[in-house]
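Trainee: Just a sequence and a predicted model for now, questions to come.
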Amino acid sequence: MTIVAVPAGWPATEEEARAVQDELRGRVVLDEPGPRPGSGHVTGVDVAYDDGLDLVAAAAVVLDAATLDVVAQATAVGRVSFPYVPGLLAFRELPTVRAALDRLPCPPGLVVCDGYGLAHPRRFGLASHLGVLTDLPTIGVAKNPFTFTYDDPEPARGGCAPLLAGAEEVGRALRTRDGVKPVFVSVGHRVGLAGAVAHTLALTPRFRLPETTRRADALCRQALRQATAALAGGPAQGSTRRAPAPDGGAGVPAHGSAS
DNA sequence: GCGACAG
DNA sequence: ATCTTGTCGC
């Protein structure tokens, strides 16, 4: 198992990281409507951490946007590249997430991130950051309102209300299931807010969180378990090499896995 | 000045 | 994010 290296020149301090955000945010594209919901690919990305071993595992899971069937998936394991600081999440997750995306055998289409895009103190959350680095269309779907405010949406699925930074709408609080706490949707890159909301609803036929996020969450946790096990018992003799794993924990699921 | 704060 | 038992419900 290879461990993703932190890129050369990656910010080491909060000041440097904020400067990078201020420099890159001008490259965010906000005037494209984005992919049509229900067509092409939709890819979920997520990460899981092992603080003790300083590891982060990332997963990218590609779904068919029409059927929500898994089309492909990939994982990557890296060193944690930045401490957790609210507003600087991207610097902690992006190198490993990008590695997982690079390992996909097909184009990701729209990328759905676990967190924020424009809804960010400097309007450059991890979904926007990932979008600028890859030029892929991205959105952010977060579980918490962060520092933003909102009025409670109507209780039925589809109910939504502006997510506000003062008087500025930076996203939407969107009810994805009847009577459950809303999720917080914001634009990342090359997608409009209406499209981001429509995609989120298309991805939540059964649960509060998008299928993309749920699949990526399950896969990155599995990859982390595998990585911690390998680091604990595997390399005790240096570079013990075993027979190639059936799939290395990544790749396309078995043929005919569709229901 | 102090607290809150995506994951 | 992550630590964690039982518990309620489909």
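Mentor: Good, I have the coordinates. Keep in mind that this is a model prediction, so the values were computed, not measured.

Trainee: how near is residue A:100 to DNA strand C?
Mentor: Between residue A:100 and DNA strand C the computed distance is 15 Å (C-beta to the nearest atom of the strand, to the nearest Å). For every residue, glycine as well, the C-beta is placed using N, CA and C.

Trainee: is it true that that residue lies in a helix?
Mentor: Yes - counting by DSSP: H, G, I helix; E, B strand; the rest coil, residue A:100 is found in a helix.

Trainee: right, and it touches residue A:78 too?
Mentor: No - at 9.4 Å, residue A:100 does not count as touching residue A:78 under the criterion of C-beta atoms under 8 Å.

Trainee: Neighbour count for the two, which is higher?
Mentor: Using other C-beta atoms under 10 Å as the criterion, residue A:100 and residue A:78 rank with residue A:100 on top: 29 against 25.

Trainee: which residues does the more buried one contact?
Mentor: For residue A:100, the contacting residues are A:45, A:58, A:59, A:60, A:74, A:75, A:76, by C-beta atoms under 8 Å, 6 or more residues apart in numbering.

Trainee: Now do the spatially most central residue of chain A, the pLDDT please.
Mentor: Nearest to the geometric centre of chain A sits residue A:113, at 2.7 Å (C-alpha atoms, centre = their mean). Note on residue A:113: pLDDT of 98.

Trainee: got the phi/psi numbers for it?
Mentor: Dihedral pair for residue A:113: phi -100, psi 150, per degrees, to the nearest 10.

Trainee: how far away is it from DNA strand B?
Mentor: For residue A:113, the distance to DNA strand B equals 8 Å [C-beta to the nearest atom of the strand].

Trainee: again with residue A:10
Mentor: To DNA strand B, residue A:10 is 15 Å away according to C-beta to the nearest atom of the strand.

Trainee: what's the nearest residue to that residue if we skip its chain neighbours?
Mentor: Nearest residue to residue A:10 in three dimensions, chain neighbours excluded: residue A:81, at 5.7 Å (C-beta to C-beta, 6 or more residues apart in numbering).

Trainee: where does the one you found fall, phi/psi-wise?
Mentor: When quoted as degrees, to the nearest 10, the phi and psi of residue A:81 stand at phi -100, psi 0.

Trainee: Repeat that for residue A:141.
Mentor: Phi and psi for residue A:141, reported as degrees, to the nearest 10, are phi -130, psi 110.

Trainee: re the thing from before, shared neighbours of residue A:100 and residue A:78, anything?
Mentor: residue A:58.

Trainee: picking up where we left off before, from the contacts of residue A:100, which single one is nearest residue A:167?
Mentor: For those, the minimum distance to residue A:167 (C-beta to C-beta) is 31.5 Å, reached by residue A:45.

Trainee: List the contacts of residue A:158.
Mentor: Contacts of residue A:158 were listed using C-beta under 8 Å, 6+ apart, and they are A:174, A:175, A:201.

Trainee: mind putting those residues in TSV, secondary structure and distance to residue A:13 included?
Mentor: Output for the contacts of residue A:158, formatted as TSV (DSSP: H, G, I helix; E, B strand; the rest coil; distance: C-beta to C-beta, whole Å):
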residue	secondary structure	distance to residue A:13
A:174	strand	35
A:175	coil	39
A:201	helix	40
